[in-house]
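1. kindly generate the corresponding structure for this input.
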Amino acid sequence: MEIEAGELLKRINTPADLKRLDHADLVKLCGELRQYIIDTVSVHGGHFAASLGVVELSVALHYVLNTPYDQLVWDVGHQAYGHKILTGRREVFHTNRVLGGISGFPKRAESEYDSFGVGHSSTSISAALGMAVASHYKGETDRQHVAVIGDGAMTAGMAFEALNHAGIEKSNLLVILNDNCMSIDPNVGALKEYLTSITTSKSWNRFRDDIGHVLAKISEIGPDALGIAKKIEKSIKGTLLKNSNLFESLNFRYFGPVDGHDIKRLVNTLDDLRDLPGPKLLHCITVKGKGYALAEKDQTTWHAPGLFDKITGEIKKSKTEKPAAPKYQDVFGHTLVELAEANDKIMGITPAMPSGSSMNIMMKALPDRAFDVGIAEQHAVTFSAGLATQGMVPFCNIYSSFMQRAYDQVIHDVAIQNLHVVFCLDRAGIAGADGPTHHGAYDLAYMRCIPNLVVSAPMNEEELRNLMYTAQLDGAGPFVIRYPRGQGVMPDWRRPLNAIPIGKGRKISDGEELALLSIGHIGNEAVKACVLLNGEGIFPAHYDLRFVKPLDEDLLHEVFRKFKKIITIEDGCIQGGMGSAVLEFMADHGYQSTVVRLGIPDEVIEHGEQQELWSLCGYDHHGICDAVRKITVSRKTDSLAG
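-> Reported below is the predicted structural model:
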């Protein structure tokens, strides 16, 4: 469906076209850009509220800056839709997040205007500083470098590490703090309270504009007067705002707060800041979902609502959705409450993903035992370790791709000390339209090499419940449970909880000729494959390993003694994953079988629907069938040759 752009917007193919507009036209352009995002996302899907909140900022930045020579880094990228539309991608914007279409995030290979690829939060300041230092070294003194970071992303330690470093450099760096009190869910923590104190200080906001004009006049006198002006400015800020020198103590010049929806003021402010050397921070106040009333009222729901009726606001169900089967994340959330009500040692921890992980269910039911620690994965893991030292049983829920950011803490603070922390890795395997920054491709490989960890994956909702029950029992030790994004396969999932012997798999079906070894939800694709193959007279056996660490050696001995052809299937990277573990077992025990590994190949997998990407990687049920036919034909050919 073609989306019609407004009169002004259809004339904007590059920022150079934008610069031809008068200041008076910018308000109208912002309205057209906002409407275009609403029209497109309602029909084609994608992230929504974040980009609506920075429409004016997107226009102002490209109006003032000389992009792409001036370098602009958008933190995370949820907020970069307006940026993409203004930089030559309007006509293909409807392909956003679709297989073969443009990425939902800034991507260097996609456009010269995307100066840095982003997907995980809190990287923008570090990246922009690196660019700024390089430009300073090369003598590009006129080149600007801007990082746009949300207040939610500012909670990550990496952002503060970058601010600390930037404060001692002399490079042209502007950090724009997009303050809307939201990440995906409402922000938490002391930083939020600090920023709120700035935005609500009547004394500062009333005095700010007047003193700005006075200091500007003083600075015109000369270099000495400029130094005096800066001291006066810092003193006034410290007097009017309690603890207001957080950024200035890091040698950043602080400006704001300013209305992030006042396009004319943003343009004037950015024009002024261009001429100021050194590190600067502009504090913009915005509303996530600005311009769409329902998104303004319920910003969490409208972060990425899917398809919706833009008039009524009714969110439409996906054509592939199966309402009878729950999402794995919801099974986790409800089961965690069930376990916590029976075991008062259980606590829940998530780094800024209460709704995405369904930790919000426990936060509502048992608020004193569930914690949103903000975007701070490293802290979440070590905080959980601290709880475990005192006899608690923390369930630390982190998306698989985000757990990569806390790998050292898993090893150093949990595994080495053998602490009873349960890691629940949501979005494991192919994550879908969010693409390569969000695929949970590597957890089986990077977790199974760590001593003391149990590493598991459920094939369905009942198995997830039972693994969670097993993980919280005394003596379970550090425990990893990984499960995918999306729905399971069991409408009747609320079944009695039972312990699973750690390191024990199960046989799904008997068979002849060859064996399929799967782990996790992708085993359901193997079940479908077996049905199709049985109709062709091919009868593979199917085993669900459940655990990649410890491996079920009894099961594997049975498989290797009985079958000379084996196919491993995992929704994870082939290198170092479950298939590699099976090959290691085969080598260690002197077996000689043909093992074919199916999984995510050693390449970056782009965005698309889960089923599309499983097929692309060759391990959906059709890919499994193809692998079985190939290995079966190979066996028959060998037999005839003999």
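
2. what about the closest residue to residue 9 other than its chain neighbours, how many residues nearby?
-> In this structure, residue 9 finds its nearest non-sequential neighbour in residue 32, 4.2 Å apart by C-beta to C-beta, 6 or more residues apart in numbering. Bear in mind the C-beta positions are built from the backbone N, C-alpha and C, glycine included. If you count neighbours by other C-beta atoms under 10 Å, residue 32 ends up with 17.

3. what helices or strands is the helix or strand containing residue 32 leaning on?
-> Assigned by DSSP states H and E, residue 32 belongs to helix 23-44. Using 3 or more C-beta pairs under 8 Å, 6 or more residues apart in numbering; DSSP states H and E, the elements in contact with helix 23-44 are helix 49-52, helix 55-64, helix 81-84, helix 263-274.

4. among the ones you listed, which is nearest residue 533?
-> Nearest to residue 533, of all the helices and strands packed on helix 23-44, is helix 81-84, at 44.2 Å by C-beta to C-beta.

5. need the CA coordinates for stretch 463-470. CSV is fine.
-> Output of stretch 463-470 as CSV, limited to C-alpha atoms (Å, rounded to 0.1, in the frame of the first residue of the first chain):
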residue,chain,number,x,y,z
GLU,A,463,8.9,-27.7,29.7
LEU,A,464,9.6,-24.0,30.5
ARG,A,465,7.5,-24.3,33.7
ASN,A,466,9.3,-27.4,34.7
LEU,A,467,12.7,-26.0,34.1
MET,A,468,11.9,-22.9,36.1
TYR,A,469,10.7,-25.2,38.9
THR,A,470,13.8,-27.3,38.7
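
6. return the distance of the helix or strand where residue 177 lies from the chain's centre.
-> Using DSSP H and E, residue 177 falls within strand 173-179. Its chain's C-alpha centre and that of strand 173-179 lie 21 Å apart, by C-alpha atoms, centre = their mean, to the nearest Å.

7. neighbouring strands - and their directions - for it?
-> Partner strands for strand 173-179, per DSSP bridges, with pairing direction: strand 145-150 (parallel), strand 279-285 (parallel).

8. ok, which stretches of the stretch 201-350 of the chain are helices?
-> 202-219, 223-240, 263-274, 293-297, 328-342 (DSSP state H, counting those that start in this stretch).

9. mind giving me the packing neighbours of the last one?
-> Just to be clear, that refers to helix 328-342. If you count contacts as 3+ C-beta pairs under 8 Å, 6+ apart, helix 328-342 packs onto strand 346-350, helix 354-357, helix 360-365, strand 422-426, helix 461-471.

10. make it 7 Å
-> Using 3 or more C-beta pairs under 7 Å, 6 or more residues apart in numbering; DSSP states H and E as the contact test, the elements touching helix 328-342 are strand 346-350, helix 360-365, helix 461-471.

11. what's that helix in contact with?
-> The contact list for helix 328-342 (C-beta atoms under 7 Å, 6 or more residues apart in numbering) reads 346, 348, 357-359, 361-362, 365-366, 369, 395, 424, 426, 461, 464-465, 468-469, 472, 483-484, 488, 493.

12. let's go with 6 Å and repeat that
-> Contacts of helix 328-342 from elsewhere in the structure, counted by C-beta atoms under 6 Å, 6 or more residues apart in numbering, are 346, 348, 357-358, 361-362, 365-366, 395, 424, 426, 461, 464-465, 468, 472, 483, 488, 493.

13. before we move on, what about the third one?
-> Helix 263-274 is contacted by residues 26, 27, 30, 56, 60, 63, 64, 174, 258, 280 when judged by C-beta under 6 Å, 6+ apart.

14. got the angle between that helix and strand 173-179?
-> Taking axes from the mean of the first three to the mean of the last three C-alpha atoms, to 10 degrees, one finds that helix 263-274 is oriented at 150 degrees with respect to strand 173-179.

15. gap between helix 263-274 and the chain center?
-> Taking mean C-alpha positions (C-alpha atoms, centre = their mean), helix 263-274 and its chain are 31 Å apart.
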